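Trainee: have a look at this prediction, sequence included:
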Amino acid sequence: MIIEGKVFVVTGAGSGIGRDVVFALADKGARVAAVDNNGAALQETVALARNHSDRISTHIADVTDRVAVSSLPDSAAREHGVVDGLVNVAGVIHRFARVNDLEFTEIERIMDINFYGVLNMTKAFLPVLLKRPQAHITAVSSMGSFVPVPGQTIYGASKAAVKLLMEGLNSELRDTNVGVSVVFPGAIATSIAVNSGAMTPAQNAATAATMRMTPSPVAAAKLVRGIEKGSYHVFIGADSVLLDKLSRLMPARSAKIVYTRMRNLLAGQPDHD
């Protein structure tokens, strides 16, 4: 898909990968309807867009609010005339804790944002995209959708649901003009843990210092490249690429590797092999 001249809707556009996807699309000549539930963060995205701010419109909406989401296609069309692509980036993690220690309110919040948010946006925009000569839907899943991360089991389950949703949608739309990609980031240098309320800034910085992370702009560039190529899967980071292969060849071994590296983040987990 040629990006230049197209119109994309991007969720989670107020920070992290979502913000950098807005920049990457605008840099390639696209117009962007930036969606986030934080109006101040959206304004910061526009302010940081350098010479491309005139290509970006802002839309304050909570992706879990189906009524609000249903109005976004008309809102985006008023600003840009048409919509050619949807990029679902908005997502959160939960506090690092065992399933047994998570409240159902925490679990439901993760599923509402990470899965139903993607489903709400996709259902709202798919009828519009099917009318375009060429269109594309992208959703950000996670490396955690195919290899378990201790203390983030519900997050992983929500992202596994996104994976199958996008893969199923890809099959259903195979004979249409709408392409579908699903993205699997590994460890990315963003503030998702802080924004999600799972870590303090100091804890996030300390954790980042012990891990090799892909810069957010690099992740965004790979995501956009996946749209251009019409990729089925987009793996971001050497960790995601390696663990995808290892999880299919030796699933138990790959799970143990991640457990060994991440176990200290799990509250109350003893530090021994």
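Mentor: Thanks, I have the structure now.

Trainee: low-confidence ranges in the protein?
Mentor: Scanning the chain with the threshold set as pLDDT under 70 gives 190-211, 267-273.

Trainee: all strands for it, in order.
Mentor: Ranges of strands within the chain are 7-11, 31-36, 56-60, 85-88, 135-140, 178-185, 188-189, 214-215, 233-236, based on DSSP state E.

Trainee: dump the ones you listed to a markdown table, plus mean neighbour count and distance to Ala252.
Mentor: (Each C-beta comes from the backbone N, C-alpha and C, glycine too.) Formatted as a markdown table, these follow (neighbours: other Cβ atoms under 10 Å; distance: least, Cβ to Cβ, whole Å):
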| stretch | mean neighbour count | distance to Ala252 |
| --- | --- | --- |
| strand 7-11 | 27 | 35 |
| strand 31-36 | 28 | 39 |
| strand 56-60 | 19 | 44 |
| strand 85-88 | 29 | 31 |
| strand 135-140 | 26 | 27 |
| strand 178-185 | 24 | 20 |
| strand 188-189 | 20 | 26 |
| strand 214-215 | 16 | 26 |
| strand 233-236 | 21 | 21 |
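
Trainee: show me the contact partners of stretch 183-192.
Mentor: Contacts of stretch 183-192 with the rest of the structure, by Cβ atoms under 8 Å, 6 or more residues apart in numbering, involve 15-17, 91-93, 138-143, 145-146, 163, 201, 204, 208, 211-216, 219, 222-223, 226, 233-241, 243-244.

Trainee: of those residues, which belong to helices?
Mentor: Secondary structure from DSSP state H places 16-17, 163, 201, 204, 208, 216, 219, 222-223, 226, 238-241, 243-244 of the contacts of stretch 183-192 in helices.
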